[in-house]
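In: Return atomic coordinates for the entry below.
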Amino acid sequence: MVALDAAAAAAGLRIGMPAAQAQATVPGLALRPAEPQADAEALERLAVRALRYSPLVAVDASGGLPADGLVLETTGAAHLHGGEEAMLADMVARLARIGITARAAAADHLGAAHAFARRCARPTLVVAPGESRALLEALPLAALRLPAGMPAALHRLGFETIGDLARRPRAPLILRFGPELGRRLDQAFGHVPEPFEPVRPVDLVEVKQGFMEPIGAPETLARYTEKLTLALCAALEAKGLGARRLDLLFHRVDDRIEAVRIGTATPQRDPARLTRLLCAKLETVAPGFGIEEMRLAATLAEPLANRQSVSSLAEEPEADVADLVDTLSNRIGERNIYRLEAVESDVPERAQRRVAALAEEGRRSVPPARWPRPARLLPVPDPIDTIALLPDHPPVGFTWKGVRHRVKRADGPERVFGEWWKRDAETAAVRDYFRVENEAGERFWIYRAGDGADPATGSHRWFLHGFFA
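Out: Presented below is the predicted three-dimensional model:
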């Protein structure tokens, strides 16, 4: 057996077990012939799709054949996806939507991340820098990616965990088991590098520059970045494309790869703009002992037609904020740059949604709310203590976060019904909203859950939902 699902594992089966033994252990077991070539091709396609998260992605065959995972170098790219935790969660969720159960881990080194993803992630795990060693030492020997049979032989000698091996003198162990044992230990703890060749799509638009002598000076890197950008924009123009995502790879003499990634809100092939965005990130590149090759690739490109600019003395040119959006997105993350778009819904928290900053305006017109809406809406309504006369009177005062507010003016109620077509719990749900003003002139948006008479319509508790300017 080369693979099994969760139900088979729970039944006591394991990878490597003979098929006859597995069928004897679980009567009626469903067996399917393995398709190594199809599995390898599918994993390669997943690696290409994973380029959305990092410019450096490869099929992870470091644990032996067949390959069973992906490896990503996310240094400098995780913040564009909301941080490592959010990035891993999104990755696992996307795979789940296409029927793939996955686990993911982030750590200082590839060897440590390989072990954590397969032994500790539930389904994700982010290990803080410097904390990998303590967690690694508690893992079993099988997490070291040792050759078949070696973990069992070490177990017979009394070794149970990676820590047991790490605390013993290295020379006698290598003399008996060979250099592979020491190499795997060093890789797990990050003492030796573990380079890999990133996957590249077949139709990738890419340019590269090799060097007779390694380079490393910041001004030299910037100069060649500009040259590569000019060449790439010419290649994009020839194909009628504009770049939405650019990856600049620096191949160092020690076989390590440094990477810079930028994204744009709209398709672009303006060399000056793209060069400026790339050069702003060159300070994150560590050239080491020198860079022997640079590659610039448009890993995401979209059609972009040539446009003729029309000059008019009578009209002001339309403001172009795309450059500002691109600069901010590459600095603090694309998810943090957005605008709100109206959605047709009476429920306040559903009446708008986040869309990309430069997304096209929705074609469907949304009617304005019948009553004014607050300038600031709380993400989750806060409970408040009130004194009010049921069923339709506003409160005479309320207490929020320990502060007592006396109501001087009030307007309402505005009755909002639940959206019964979305879930059964909202069939009878009702909210009565009031605009209230305290003695200091502050205006609040509060509501009562329920119609004030029928308990089936809500709890009749009061909540603060927003603030008026």
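In: tell me the contacts of the residue nearest to the spatial centre of the chain?
Out: Nearest to the mean C-alpha position of the chain, by CA atoms, centre = their mean, lies residue 87 at 2.2 Å. By CB atoms under 8 Å, 6 or more residues apart in numbering, the contact set of residue 87 is 53, 74, 78, 81. C-beta: built from backbone N, CA, C; applies to glycine.
In: so where is the stretch 51-200 of the chain shaky, pLDDT-wise?
Out: 63-65 (pLDDT under 70).
In: now the helices for it?
Out: Counting by DSSP state H, counting those that start in this stretch, the stretch 51-200 of the chain has these helices, from start to end: 84-97, 110-119, 132-137, 150-156, 162-166, 170-177, 179-188.
In: What are the phi and psi values at residue 248?
Out: Here is the backbone geometry of residue 248 (degrees, to the nearest 10): phi -110, psi 110.
In: try the one 4 residues further on
Out: Main-chain torsions, residue 252, degrees, to the nearest 10: phi -80, psi 160.
In: Could you do the one 3 residues further on as well?
Out: Torsion angles at residue 255 (phi, psi; degrees, to the nearest 10) stand at phi 70, psi 10.
In: quick one: the residue nearest to it when sequence neighbours are not counted and residue 252, what's the gap?
Out: In space, and not counting its chain neighbours, residue 255 is closest to residue 195: 4.1 Å by CB to CB, 6 or more residues apart in numbering. Using CB to CB, to the nearest Å, residue 195 is found at 9 Å from residue 252.
In: on that earlier part again, kindly indicate which of the contacts of residue 87 lies nearest residue 121.
Out: Checking those against residue 121 with CB to CB, the nearest one is residue 74 at 15.0 Å.
In: quick one: the strands in the stretch 151-300 of the chain?
Out: Remark: strands assigned in the stretch 151-300 of the chain by DSSP state E, counting those that start in this stretch are 205-215, 241-252, 257-268, 291-303.
In: Please name every helix or strand in contact with the second one.
Out: In terms of contacts (3 or more CB pairs under 8 Å, 6 or more residues apart in numbering; DSSP states H and E), strand 241-252 is packed against helix 218-238, strand 257-268, helix 271-279, strand 291-303.
In: CA atoms only: put that strand into CSV for me.
Out: The C-alpha trace of strand 241-252 is given here as CSV (Å, rounded to 0.1, in the frame of the first residue of the first chain):
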residue,chain,number,x,y,z
LEU,A,241,-0.2,41.2,-21.9
GLY,A,242,0.2,43.3,-18.7
ALA,A,243,1.8,42.0,-15.5
ARG,A,244,-0.3,41.5,-12.4
ARG,A,245,2.5,39.8,-10.4
LEU,A,246,6.2,39.9,-10.9
ASP,A,247,8.8,37.6,-9.3
LEU,A,248,12.5,38.6,-9.3
LEU,A,249,14.8,35.7,-8.4
PHE,A,250,18.4,36.1,-7.4
HIS,A,251,20.5,32.9,-7.8
ARG,A,252,23.4,33.0,-5.4
